[in-house]
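Colleague: coords please:
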Amino acid sequence: MTDTVQFLRKHRVKIGVAFVTVLLVFWLVVALQRSVILLTDPEPVAKALGAAYLLLPLIGAWALVRELFFGAQTERMASVLHDEGGLPVDDLPRTPAGRLVREAADAQFPAYQADVEARPEDWRSWFRLSCAYDAAGDRTRARRSMRHAAKLFRG
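Modeller: Below is the predicted model of the structure:
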């Protein structure tokens with residue numbers, strides 16, 4: 001396998017995030033430009049639309065920055081756990097399509113939940129619980145748990 005293919009496989013998630021980020025930044029610039037055009041129009045309705053439209057790139061930029069920081073912090077926490085040997089082992093069975101078998105993920109969940117109940121102030125427990133929620137298909141609770149882990153990680 002060539003070095004380029006190995007690099008792409010190793011960093012495919014980061015490349016995907018960079019691609020989506022570039023597209024979002026492009027959209028933010030275009031939306032900002034359109035809002036400025038509307039704001040400079042002499043019509044009051046156009047000015048109102050321009051002011052309202054200005055909120056979209058501002059909210060989008062805030063969300064982008066927030067998610068990039070969240071991703072970077074999650075990666076830092078995973079790196080610390082990896083170095084400590086505390087990352088959950090990905091040994092759950094998978095379907096032929098590559099998805100985790102939900103029953104197996106659900107069976108492992110109580111152990112991670114008990115770990116959090118035993119050590120509620122340990123970010124490592126919350127990180128692993130987040131992984132368990134994700135494996136069980138509960139993305140909302142997974143993100144909430146990971147954000148709590150990040151809050152504890154920051155101190």
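Colleague: all contacts plus neighbour counts: C-alpha atoms, from now on.
Modeller: Will do.
Colleague: which residues sit in contact with residue 53?
Modeller: Counting by Cα atoms under 8 Å, 6 or more residues apart in numbering, residue 53 touches 31, 32, 34, 35.
Colleague: which of those are buried?
Modeller: Buried subset of the contacts of residue 53 (neighbour count, 16 or more other Cα atoms under 10 Å): 31, 32, 35.
Colleague: my read is the second one is in a strand, agree?
Modeller: No: with the criterion set as DSSP: H, G, I helix; E, B strand; the rest coil, the secondary structure at residue 32 is helix rather than a strand.
Colleague: Check the secondary structure at the residue lying farthest from the centre of the chain for me.
Modeller: Within the chain, residue 42 marks the point farthest from the mean C-alpha position, 41.7 Å out by Cα atoms, centre = their mean. Assigned by three-state DSSP, the conformation of residue 42 is coil.
Colleague: got the contact list for it?
Modeller: By Cα under 8 Å, 6+ apart, the contact set of residue 42 is empty.
Colleague: and the gap between it and residue 33?
Modeller: 16 Å (Cα to Cα, to the nearest Å).
Colleague: could you dump the buried ones among the contacts of residue 53 to JSON lines with distance to residue 23?
Modeller: Output for those, formatted as JSON lines (distance: Cα to Cα, whole Å):
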{"residue": "31", "distance to residue 23": "12"}
{"residue": "32", "distance to residue 23": "14"}
{"residue": "35", "distance to residue 23": "18"}
